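Enquirer: What would the 3D arrangement of this be:
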Amino acid sequence: MEKMLESAQKEEKKPNKGRSQEEKVGRRKWIIKTLKRMEKRQKIIDRRTRMLAAGLRELFILGEDYVSLVACQDENDVAILSALREAGVTGRQSGELAAQLDIDHRDISRRIHRMNKRMQQEIGENIITKKGHKWRLIPRLRHDFDVTKGGKEQ
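Expert: Model prediction:
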């Protein structure tokens, strides 16, 4: 009887010390696995956020600050965006924009396509369209710019 008590006490005192997952697979592999798992979760969250944003897209007011932050990489992109805003409904040709901003007309088209690609990834919508030979802002964006500018003046 005493032997059984002693053996039971020894088993209780000895904690079962197992190796962690980090020790089993190696530190680097464990870190890589953890990062991949976190990236997978991040992608799921991004997908959900995009779905929510797509559902609420019509309620968003795209301010000029937000659009220039997301779509524009440098001052030339901002200048193109503001020149198209000033052009209004009629829009401007690449050559006119190039002459106004002193940039190659092919570079204007490339920059506009890049800005559209960034906004397409962000909100799922192009901000600049081509009608004939002229580039112009989408009507919704012109309206939103007017609304945000009117709100700042008041």
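Enquirer: Domain map for the protein?
Expert: 24-55, 59-153 (automatic domain parsing).
Enquirer: which one of these is the most hemmed in?
Expert: domain 59-153 (a mean of 15; mean count of other CB atoms under 10 Å). Just so you know, the C-beta spots here come from the backbone N, C-alpha and C atoms, and that holds for glycine as well.
Enquirer: Now do the contacts for the residue nearest the centre of the chain.
Expert: With distances taken as CA atoms, centre = their mean, Glu122 lies nearest the centre of the chain, 4.7 Å away. By CB atoms under 8 Å, 6 or more residues apart in numbering, the residues touching Glu122 are 70-71.
Enquirer: All the helices of the protein, residue numbers only.
Expert: 2-13, 21-25, 27-55, 64-71, 75-87, 94-101, 105-123, 139-153 (DSSP state H).
Enquirer: would CSV of the ones you listed with distance to His133 and mean pLDDT be doable?
Expert: Output for the helices of the chain, formatted as CSV (distance: least, CB to CB, whole Å; pLDDT from 0 to 100):
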stretch, distance to His133, mean pLDDT
helix 2-13, 85, 60
helix 21-25, 60, 83
helix 27-55, 31, 90
helix 64-71, 22, 87
helix 75-87, 13, 93
helix 94-101, 8, 93
helix 105-123, 11, 92
helix 139-153, 19, 77
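Enquirer: Could you dump those helices into JSON lines and include distance to Thr129?
Expert: Shown next, in JSON lines, are these (distance: least, CB to CB, whole Å):
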{"stretch": "helix 2-13", "distance to Thr129": "75"}
{"stretch": "helix 21-25", "distance to Thr129": "52"}
{"stretch": "helix 27-55", "distance to Thr129": "19"}
{"stretch": "helix 64-71", "distance to Thr129": "14"}
{"stretch": "helix 75-87", "distance to Thr129": "10"}
{"stretch": "helix 94-101", "distance to Thr129": "14"}
{"stretch": "helix 105-123", "distance to Thr129": "9"}
{"stretch": "helix 139-153", "distance to Thr129": "9"}
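Enquirer: With that, I have no additional questions.
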